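Novice: Pasting the sequence and the predicted coordinates here, then a few questions.
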Amino acid sequence: MSEKCAWCDTLLPAVRRSSMRFCDKHCAAAHQQQKWRTRNPKSALGALLAGGVAEVNEMRVAIDLLQRGFEVYRAAFQGMPCDMLVRRTEWDHNQVWRVEVTTGNRTVAGSIVHPDRSKAQFDVLAVVLADGEIMYKPDIGEEQVLQ
């Protein structure tokens, strides 16, 4: 192990050098926060109000779904049970799916966290990450998932 704190370069106590990486809990927390920020970079949207970010993320999902061949119908008002309805006519199912959009973040460990939503309100959850990546639960890339 190093003789100095991995965050602030303070000399570590000789007694505990072999087991310590940081001089105190504040340096350890600062290191974890930096790792989190590296995995969740601020976007140009960071300056917008939360409602503005939500609107932009809904548009990102709508564009992504349109590019995947879905018909997209967005809710006219905030507070509706879901953010949009989608349909894919080429599958000839005439079935409509309810899509809810939420913002997510990647943890230091790499897993995705997002607010809980009532599954009774949607069929597909679209999670938009800070870097613009969109993850669908269940994955909409496969026809059998949406049947």
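Specialist: Received, thanks.
Novice: so who does residue 106 touch?
Specialist: For residue 106, the residues meeting the contact criterion (CB atoms under 8 Å, 6 or more residues apart in numbering) are 39, 40, 112, 113, 129, 130. C-beta here means a position set from N, CA and C on the backbone, and glycine is covered the same way.
Novice: is it true that residue 103 touches residue 53?
Specialist: Yes. If you go by CB atoms under 8 Å, residue 103 and residue 53 touch, sitting 6.5 Å apart.
Novice: Just the strands from this structure, written as ranges.
Specialist: With DSSP state E, the ranges of strands along the chain come out as 71-74, 84-87, 97-103, 105-106, 112-113, 124-128, 134-137.
Novice: outside of the longest helix along the chain, which residues touch it?
Specialist: Ranked by number of residues, the top helix in the chain under DSSP state H is helix 50-67. Outside helix 50-67, the residues that touch it by CB under 8 Å, 6+ apart are 45, 48, 72, 74, 78, 83-84, 86, 99, 101-103, 126, 128, 132, 134, 140.
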